[in-house]
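**Student:** with the input below, show me the fold.
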Amino acid sequence: MSIRDCVLVCALILSSTLILCKPANAATDENTTNSCVQCHSQLPVSSFMGVRSHSWSGSVHQKHGVTCDKCHGGNPDIKDKQEAHAGVLGSSDPQSTVYFKNVPATCGKCHDTEFSNFKRSRHFKMLESEGKGPSCVTCHGSMVTRVLGPDNMVAVCEQCHNDRIGVLPYIPQKAKAVLLLLRESEALLDATAKLHQPAEGAAEDQHITDARASLRFARLSWHKFDLDEITDYLQGMYSSLEMLPKP
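**Tutor:** Okay, here's the model as predicted:
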């Protein structure tokens, strides 16, 4: 069975399913001299801020030196509490950098590519016009960030996309199917690239290069939440692989 046939079979199975339903050392140095970290880490775990501070400890953000001030503002070089908190606003304040509608722009200061794509999504347009809709923290959390897998993605999407609300209730399962297809496509490309590994000093086969480009665009499209566009890019990847000479 050819690669294209495999794709078509996968697509039919997925369709029927849908119908049915900074370096570590630098980070360490910054954390030890940051007054926000020094103070908040001493708060009791039983307090609200203590819980959030201790949750941040050991997180990806902590390992990359993303300290409190990077998102909340304030001055981490000052020991005085009042002065250090100057300019810090609560998350319920529309002017706050962590106000729900402002979160994407705040995250976008580091995650600029993801933010650029998210701004092109219906989710972002809803967030801007109606003040409701998913934001970065909806899927990824804040202090302890996560990357959703196929199963827990369904649970998050179903908060809005369900029969009770009636907003495209098939989307959670479609998103799961497309993410699974994306993961399988990544694995297939890796395996195929190894089979067609060029001789030392030789250039990579152009078809493999084209397939990598299609896969990269598919990944980038994820934050636009355009599931059909992702599938189209993956089809382009498979088409490129079909053109490879048989090993």
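
**Student:** only C-alpha atoms for contact and neighbour calcs from this point on.
**Tutor:** Noted.

**Student:** how about the nearest residue to Ser35, chain neighbours excluded?
**Tutor:** Spatial nearest neighbour of Ser35, chain neighbours left out: Pro76 (4.9 Å); criterion: CA to CA, 6 or more residues apart in numbering.

**Student:** where's that neighbour relative to Tyr99, distance?
**Tutor:** 21 Å (CA to CA, to the nearest Å).

**Student:** again, but for Val167
**Tutor:** From Val167 over to Tyr99 (counting by CA to CA), the distance is 25 Å.

**Student:** the more surrounded of those two?
**Tutor:** Tyr99 (17 against 12; other CA atoms under 10 Å).

**Student:** might you report the residue contacts of that one?
**Tutor:** 90-93 (CA atoms under 8 Å, 6 or more residues apart in numbering).

**Student:** select the helix or strand of the protein having the lowest average pLDDT value.
**Tutor:** Least confident helix or strand, the chain: helix 3-20 with a mean of 43, by mean pLDDT, DSSP states H and E.

**Student:** any idea how far Thr192 is from Gly108?
**Tutor:** As judged by CA to CA, Gly108 and Thr192 stand 34 Å apart.

**Student:** what of Ser57?
**Tutor:** Between Ser57 and Thr192 the computed distance is 40 Å (CA to CA).

**Student:** kindly report the same for Ser47.
**Tutor:** For Ser47, the distance to Thr192 - CA to CA - is 52 Å.

**Student:** quick one, which of these two is more surrounded?
**Tutor:** Neighbour tally, Ser47 and Thr192, criterion other CA under 10 Å: the higher count belongs to Thr192, 15 against 10.
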